[in-house]
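Asks: attaching a predicted model along with its sequence, questions to come.
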Amino acid sequence: MAQAKKGDHVKVHYKGTLEDGSEFDASTNREPIEFTLGDGMLLPGFEQAVEGMDEGETRNIRIPADEGYGPYFQDLVIEFDKGQFPPDLEPRIGEHLELQQEDGTSTVVKILQISGDKVSLDANHPLAGKDLLFEIMLLAVNTCCHDHGHTPEA
């Protein structure tokens, strides 16, 4: 049975929950995710947890907020006048909007509060400030050729 190491292409199923037990993401109802360990495509703590796992193994991990999506910054909550919104847009609490910035980049924000003509928007990542709990099942390890210059057998 193969053990996952840096450079391996792996396939995993996962379930992500918060401390209150609410699920924020899972791959179990869709295709498993595939990635190369060490490429930095996923949260570092997630990749580190997969490293050293055996095929078929399930591991439970906790990623602290600072190692996940970072702390929650109150200064990323911004108040706007309703008049700054397009006239055909009626803001609703909980909705997500994409704001275009002057430099051409865009930021996704969540409408937190509407008070009279004022709308409070939150530009923090939805998981900022939260510890993340993951159940990870390693389905497959492909220790392909790139480390040794060999091609895999067909």
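Replies: Arrived safely, thanks for sending.

Asks: can you pull up the bridge partners for Asp122?
Replies: Per DSSP bridges, the residues bridged to Asp122 are Val77, Lys110.

Asks: how does the chain divide into domains?
Replies: 9-69+128-147, 74-122 (automatic domain parsing).

Asks: need these in JSON lines with mean pLDDT and mean neighbour count, can you?
Replies: Where C-beta positions appear, they are placed from N, C-alpha and C, glycine not excepted. Output for those, formatted as JSON lines (pLDDT from 0 to 100; neighbours: other Cβ atoms under 10 Å):
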{"stretch": "domain 9-69+128-147", "mean pLDDT": "93", "mean neighbour count": "15"}
{"stretch": "domain 74-122", "mean pLDDT": "91", "mean neighbour count": "12"}
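
Asks: just send these back as a markdown table, with distance to Ala2 too.
Replies: Rendered in a markdown table, the data for the domains of the chain read as follows (distance: least, Cβ to Cβ, whole Å):
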| stretch | distance to Ala2 |
| --- | --- |
| domain 9-69+128-147 | 4 |
| domain 74-122 | 38 |
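
Asks: could I get the pLDDT score of Ala154?
Replies: In this model, Ala154 is scored at 40, pLDDT.

Asks: state the helix or strand in which Gly104 lies.
Replies: Here Gly104 sits in a region with no helix or strand, counting by DSSP states H and E.

Asks: what about the helices in the protein?
Replies: Per DSSP state H, the chain carries helices over the ranges 44-50.

Asks: ok now do the closest residue to Glu23 other than its chain neighbours, which residues does it touch?
Replies: Once flanking residues are discounted, Glu23 sits nearest to Thr17: 5.1 Å by Cβ to Cβ, 6 or more residues apart in numbering. Listed by Cβ atoms under 8 Å, 6 or more residues apart in numbering, the contact partners of Thr17 are 23-24, 132-135.

Asks: from the residues you listed, which single one is nearest Glu51?
Replies: If you rank the contacts of Thr17 by distance to Glu51 using Cβ to Cβ, Phe134 comes first, at 13.9 Å.

Asks: which parts of this protein are strands?
Replies: 9-17, 23-26, 33-36, 58-63, 77-81, 96-100, 106-115, 118-122, 132-142 (DSSP state E).

Asks: perfect, I'm done here.
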